[in-house]
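[1] What shape does this take:
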Amino acid sequence: MGILHDTYALYIREMLIFKKNIRTSIGRSLIFPLVLILLLGNLGSTIRNLPAAVVNYDNGVASINFMNALESSGEISITSITNQHTALQMLANGDVAFVLVIPPGFSAASASKPNLVVYIDSSSPIASASAIAALEQTAQSFGAKLATQNIASRTGNSQAQPPSAASGALQANNAPSFSMYTNYTYGASESYKDFLIAGIVIMVTAFGSMWSGGISLLTDRQFGNLKTFLVTPINRMSILFSKMASGITQSMISGFIALGVGILDGGIVAGGAMGWIWIIVFMFLSAFGFSGIATILGARINKIEVFSLIGMAITMPMWFLSGAFLPTSTLPNFMQPFSIYNPMTYAVDAVRDVMLKGFISAANLLFYSTILIVFGAVMAVLSYIAFKQTMG
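    Presented below is the predicted three-dimensional model:
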């Protein structure tokens, strides 16, 4: 028999075993999404300490008082006072919720005041509304008002130009007005529920890989089933391939269950039908890589307790460092390199782009997929070596 035929036959065996224990498998797949999404994703909608970057070209008393008044509301936290290029880049990266540009002459005792310019992250209606409300309240105390709303491109373009005098910005009582640009970025003020769902989906997919093909290989070794396979006229590598294939299938089922819980709880896939396709692709790529890790452990470890301990020791830190709960920019500096070299980070980022932005840029698509394909290929080769050594 050919290797494909043998792999398929053994894969069907694995899936029949999965079907026999499907209640336990589905229950395990539901625990994390139910606890984390339903609890953490619904903690409330009160927005506090939205991070903001300020570009203060004025540096006068009035501008400093304005910043102090803005921050005293408790809803705004000025995290950086920097130049405009850096501030807009911070917005594009999702490090801040909005950028406030205070032009020269704001503190001058002249009859005509220049317009203030605000670039705001509009990916979360709740957060952006909270920021606008705080800006409007502070503006009124300084005799200013929110004058215009110019909608920028939904591609995260943070390089929009400040409005000109012809843009429609209003002047009231010779006081400054705000010209507002809303950019669709994420990281600082996105819907936390959608932000969290992306991380949970990849986490459940990775954990599903660890608890399927790898455990099956280990138990077959323990109960002697593997020796029975080896004396039959089947290709030995079909055993490995069937374990990995069943692990990928079961882990993706777990991932879909997690995604379903999130959608039923109000989560949104902004990318629509195409977004679902990309989520499936990146679920598969992450499942493939972690299925390789699982089969390596299953081929080299003899006790389920040890397998579980080592599997958790591998997947939990990778999940924590992937930015599943919070943006990776919030991690301590010494943890940043671990996040950068963590393949799960890019799987989470890809699914999160689809859920929050509705698209993945061509550059990011190539970058994320390349990392995950290389990760999967390396794990597949290592699992092949480990399995071959175990089989003698």
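
[2] what about A92, neighbour count?
    Using other C-beta atoms under 10 Å, A92 is surrounded by 19 other residues. Quick note: C-beta positions are derived from backbone N, CA and C, even for glycine.

[3] if I look at it, how far off is V351?
    20 Å (C-beta to C-beta, to the nearest Å).

[4] likewise I277?
    From I277 to V351 the distance is 12 Å (C-beta to C-beta).

[5] Output the below-cut-off pLDDT ranges for the stretch 51-200 of the chain.
    Low-confidence segments of the stretch 51-200 of the chain (pLDDT under 70): 109-113, 122-127, 145-176, 182-191.

[6] Look up which residues are beta-bridged to D121.
    When assigned by DSSP bridges, D121 has beta-bridge partners N183.

[7] from what I can see it touches G94, true?
    Yes: counting by C-beta atoms under 8 Å, D121 touches G94, with 7.3 Å between them.

[8] neighbour count winner among the two?
    More crowded of D121 and G94, by other C-beta under 10 Å: D121, with 28 against 22.

[9] Any idea how many residues pack against N225?
    N225 has 15 neighbours, counted by other C-beta under 10 Å.

[10] For it, give me its contacts.
    With C-beta atoms under 8 Å, 6 or more residues apart in numbering as the criterion, the residues that contact N225 are T219.

[11] Repeat that for D349.
    Taking C-beta under 8 Å, 6+ apart, one finds G323, N364, Y368 in contact with D349.

[12] mind giving me the domain split of the protein?
    Here the domain parsing of the chain from automatic domain parsing is 3-42+191-391, 50-173.

[13] separation between L285 and N93?
    24 Å.

[14] Could I get the full set of helices for the stretch 201-350 of the chain?
    Along the stretch 201-350 of the chain, counting by DSSP state H, counting those that start in this stretch, helices occupy 213-222, 225-230, 236-264, 272-300, 304-320, 336-340, 343-352.

[15] Tabulate these in CSV, adding columns for mean pLDDT and distance to G358.
    Compiled in CSV, the helices of the stretch 201-350 of the chain are given as follows (pLDDT from 0 to 100; distance: least, C-beta to C-beta, whole Å):
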stretch, mean pLDDT, distance to G358
helix 213-222, 85, 33
helix 225-230, 78, 46
helix 236-264, 90, 15
helix 272-300, 92, 6
helix 304-320, 89, 25
helix 336-340, 88, 24
helix 343-352, 92, 11
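
[16] For P33, which of these is the nearest?
    Smallest distance to P33 across the helices of the stretch 201-350 of the chain (C-beta to C-beta): 3.9 Å, for helix 236-264.

[17] what's the angle between that closest one and helix 272-300?
    On the basis of axes from the mean of the first three to the mean of the last three C-alpha atoms, to 10 degrees, helix 236-264 is oriented at 140 degrees to helix 272-300.

[18] what packs against helix 236-264?
    helix 3-20, helix 22-32, helix 192-210, helix 213-222, helix 225-230, helix 272-300, helix 362-391 (3 or more C-beta pairs under 8 Å, 6 or more residues apart in numbering; DSSP states H and E).

[19] Off-centre distance for the fifth one?
    I take that to be helix 225-230. Taking C-alpha atoms, centre = their mean, to the nearest Å, the mean C-alpha location of helix 225-230 is offset from the chain mean by 42 Å.

[20] Now that helix: buried residues?
    Buried residues in helix 225-230, defined by neighbour count with 16 or more other C-beta atoms under 10 Å: L226, F229.

[21] C-alpha coordinates for that helix, CSV please?
    Taking Å, rounded to 0.1, in the frame of the first residue of the first chain, the C-alpha atoms of helix 225-230 are listed here in CSV:
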residue,chain,number,x,y,z
ASN,A,225,-0.4,-0.5,19.6
LEU,A,226,2.6,1.1,18.0
LYS,A,227,4.4,-2.3,17.9
THR,A,228,1.4,-3.8,16.3
PHE,A,229,1.5,-1.2,13.6
LEU,A,230,5.2,-1.8,13.0
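
[22] out of the contacts of D349, which are buried?
    G323, Y368.

[23] Give me the lowest-pLDDT entry from the contacts of D349.
    Within those, G323 has the lowest pLDDT, namely 84.

[24] Neighbour count: I277 and V351, which is higher?
    More crowded of I277 and V351, by other C-beta under 10 Å: V351, with 31 against 12.

[25] how about that one, what does it touch?
    By C-beta under 8 Å, 6+ apart, the residues touching V351 are A198, V201, I202, W278, I279, F282, M283.

[26] Closest one of the residues you listed to I37?
    V201 (9.6 Å).

[27] contacting residues for the closest one?
    Applying C-beta under 8 Å, 6+ apart, the residues contacting V201 are G255, A258, L259, G262, I279, M283, V351.

[28] Out of the residues you listed, which comes closest to I360?
    Distance to I360, by C-beta to C-beta, is smallest for V351 among the contacts of V201, at 9.5 Å.

[29] Can you tell me, leaving aside adjacent residues, what's nearest to the closest one?
    A198 (4.2 Å; C-beta to C-beta, 6 or more residues apart in numbering).

[30] F282 too?
    Nearest non-adjacent residue to F282 (C-beta to C-beta, 6+ apart): A350, at 4.4 Å.

[31] which residue ranges form the strands in the stretch 51-200 of the chain?
    Assigned by DSSP state E, counting those that start in this stretch, the stretch 51-200 of the chain shows strands spanning 76-81, 98-102, 116-121, 145-151, 177-183.

[32] possible to save those as CSV with distance to I268?
    Formatted as CSV, the strands of the stretch 51-200 of the chain follow (distance: least, C-beta to C-beta, whole Å):
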stretch, distance to I268
strand 76-81, 26
strand 98-102, 22
strand 116-121, 17
strand 145-151, 20
strand 177-183, 18
